[in-house]
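J.: can you look at this prediction? I've put the sequence above it.
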Amino acid sequence: MPEHSHPLTSGETGEHGLAYAWGKTARILLNTHLTELEGRTGSVTVVDIGSAFPWFTQIVRDMHEKYLLSTAEAAVKNVVNSINTPVRKHHDTSPFAFLKDLSLDELLRLRTLFGPKHSPGRRHMVGALFEELTSHSGNLSGLSVAERERVAYHSLSEKLKTPQRTFSLRWEREDRKGAGRWEIIVGEAPDKSAHESLVALIGEAETEVMFSHLSRYFASTLAPHMRRYLAVSLDRDHPQNLKAEALRSFPQDYQDTVLFQRASALRDHVVGNALAWPFGAETIDLAYSIEGIPFYFDPHQISKESVLRFGEDVHSSLKPGGRAVFFPWMTLGGNTDDESLTHVLETQWSSFPGTVLSLDHLTRNELVGTMLPRERELAERASPLFQNGMEEFTMLTLQR
């Protein structure tokens, strides 16, 4: 018999729409941890254990890209603010000291070009920076921040001179305000570069000087964020089964979205059994399982030794400071034997030096209150967690 009884991680196909993936609810449960990861300068790996159709894994990627877009926008906004600041206030060591060499007329032209938030010139610069953050960050993860800055300087010097796509956030399912819509980043075809626009205003020579300074400033600003961010989904089921289950589970208006299409690509998806943990030591920043493990552990089908091996593998795969989050922290059966499986893991993890365990409790009403209508409908119709009559649930966080 299989050691893992989750219908979407055991090689079997679910029949009741389990591929809803707890989208918004999972984001709320994990938001603090995901936000903290954005402040790191090293590479980041996030793993969704027993992911089923990787809907939420794609949401995590989109959350990261929105962070990168906001980083690019903030960097350009600083330049705009400096242009709007009286030049006498720029001290000689300021990255914007070069503005002192521009005439008042040239400064006014710059304000016209880059000042308005949605002006073409400003959007072109943001697009170049966003492309820089997303284009080759995986190749730079092994470099120091200073080395990344040198690479970024040379790369940006070219990007700012050539036409780049512009990017914006767009609501999908716009008509569903407050009832299950989300933002995605969309790119538009390039037309002209920020460099081209600027040359028309202040001339070739002044533009070259200005963009040399801007490239250096942008490189130093972006370098800490130019690292690999890998969101991995792990499930035992065959990818084609996951896609077929999603097509049965998600309404057509969901399937017609860019988010669904991106999730359907199963990017960075690993086919494997969580009990034969496929990740090496100190490789993961955040692992999580929402209504997966240990919820579907069955004491009649899984041995204590397998549970201990899983616990040791998860702990060793976390980087120092890394976390693993499990919700709900219970097993489906809820009897004494089931509870002993979670107790086995808690006892094991507590024995590792420096490990911190925390338990957070949520009432049924609190959890339902975070859900979108579709999540609520599917949870109440299909989720065993909501069909057992429990009024309080627990989430466990393991921090190494």
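T.: Received the coordinates, thanks. Numbers count the residues shown, from 1 in each chain.
J.: measure how buried Val145 is and give me the count.
T.: 15 (other C-beta atoms under 10 Å). C-betas here are computed from N, CA, C, even on glycine.
J.: which is the next helix or strand following the lengthiest helix in the chain?
T.: Among the segments of the chain that qualify as a helix by DSSP state H, the longest is helix 55-84. For helix 55-84, the following helix or strand on the C-terminal side (DSSP states H and E) is helix 104-114.
J.: and the contacts of that next one?
T.: The contact list for helix 104-114 (C-beta atoms under 8 Å, 6 or more residues apart in numbering) reads 76, 79-80, 83-84, 87, 99, 102, 119, 121-122, 125, 197-198, 201-202, 206.
J.: among those residues, name the buried ones.
T.: 76, 79-80, 83, 87, 99, 102, 119, 121-122, 125, 197-198, 201-202, 206 (16 or more other C-beta atoms under 10 Å).
J.: looking at these, spot the one nearest Arg400.
T.: Set against Arg400, the nearest of the buried ones among the contacts of helix 104-114 by C-beta to C-beta is Val76 (37.5 Å).
J.: isn't the closest one right up against Arg122?
T.: Yes: between Val76 and Arg122 a contact is recorded at 6.0 Å, counting by C-beta atoms under 8 Å.
J.: what about the chain, any weak spots by pLDDT?
T.: Along the chain, segments meeting pLDDT under 70 span 1-24, 87-93, 136-139, 141, 177-180, 333-339, 374, 378, 381-382.
J.: who does the longest strand along the chain pair up with?
T.: Across the chain, the longest stretch assigned as strand under DSSP state E is strand 318-327. Strand 318-327 sits in its sheet next to strand 284-290 (parallel), strand 392-399 (antiparallel), going by DSSP bridges.
J.: how near is the nearest residue to Val314 once chain neighbours are set aside to Asp313?
T.: Nearest non-adjacent residue to Val314, counting by C-beta to C-beta, 6 or more residues apart in numbering: Ala324, 5.4 Å away. To Asp313, Ala324 is 11 Å away according to C-beta to C-beta, to the nearest Å.
J.: comparing these two, which residue is more hemmed in?
T.: Ala324 (24 against 17).
J.: just the strands in the chain please.
T.: 44-49, 166-172, 182-188, 229-235, 269-271, 284-290, 318-327, 356-363, 392-399.
J.: take the ones you listed and lay them out in JSON lines including distance to Val258.
T.: As requested, these are arranged in JSON lines below (distance: least, C-beta to C-beta, whole Å):
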{"stretch": "strand 44-49", "distance to Val258": "20"}
{"stretch": "strand 166-172", "distance to Val258": "6"}
{"stretch": "strand 182-188", "distance to Val258": "5"}
{"stretch": "strand 229-235", "distance to Val258": "17"}
{"stretch": "strand 269-271", "distance to Val258": "18"}
{"stretch": "strand 284-290", "distance to Val258": "23"}
{"stretch": "strand 318-327", "distance to Val258": "27"}
{"stretch": "strand 356-363", "distance to Val258": "31"}
{"stretch": "strand 392-399", "distance to Val258": "30"}
